[in-house]
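*Asks:* Here is my input, please return the structure:
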Amino acid sequence: MENDKKSYMQKLADKIVEWDKKIDELKKQGNEATSVMKEDYTKVAADLKIKKKEAEEKLKELKGISGAGWEELKKGAELAVNDLSEAVNKALSKFKKQP
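*Replies:* Modelled structure (predicted):
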């Protein structure tokens, strides 16, 4: 059980790092965009950073919990990570369509 927990938490941490890189990529694109687009990029990047922080907080909570409590928090962490994933992918596709 302990190895499964560590493996799961590492998988979530790796995903968060991956999405953080994508958020940084969006910020870079925003810096290179026209002034009108910069606002959109900046707002989306800020929203994504908030979601990333929420996912990181859930991951921290998971580290200190075991047993049935861990299973409950795991569900919350999965929701936060899925929410972040969805938001990052949505932002990436939105800005790829922009000229």
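*Asks:* could you point out which element follows the top helix by length along the chain?
*Replies:* What stands out as the longest helix in the chain, according to DSSP state H, is helix 2-32. From helix 2-32 onward toward the C-terminus, using DSSP states H and E, the following helix or strand is helix 35-63.
*Asks:* Please state the offset of the following helix or strand past that next one from the chain centre?
*Replies:* Beyond helix 35-63 on the C-terminal side, the first helix or strand identified by DSSP H and E is helix 68-96. Computed by CA atoms, centre = their mean, to the nearest Å, the chain-centroid distance of helix 68-96 equals 6 Å.
*Asks:* Phi, psi for residue 67 please.
*Replies:* Per-residue torsions, residue 67: phi 70, psi -140 (degrees, to the nearest 10).
*Asks:* quick thing: my sequence starts at 738, can you match it?
*Replies:* Got it, first residue is 738 now, which makes that one residue 804.
*Asks:* What about it, how many residues nearby?
*Replies:* Residues near residue 804, counting by other CB atoms under 10 Å, number 8. For glycine as for every other residue, the C-beta is placed from the backbone atoms N, C-alpha and C.
*Asks:* go on, residue 811?
*Replies:* Count around residue 811 with other CB under 10 Å applied: 18.
*Asks:* same deal with residue 800?
*Replies:* By other CB under 10 Å, neighbour count at residue 800 equals 12.
*Asks:* Would you check how far apart the nearest residue to residue 814 once chain neighbours are set aside and residue 764 are?
*Replies:* Nearest residue to residue 814, sequence neighbours excluded (CB to CB, 6 or more residues apart in numbering): residue 795, at 3.9 Å. Look at residue 795 and residue 764: by CB to CB, to the nearest Å, they are 23 Å apart.
*Asks:* Sounds good, over and out.
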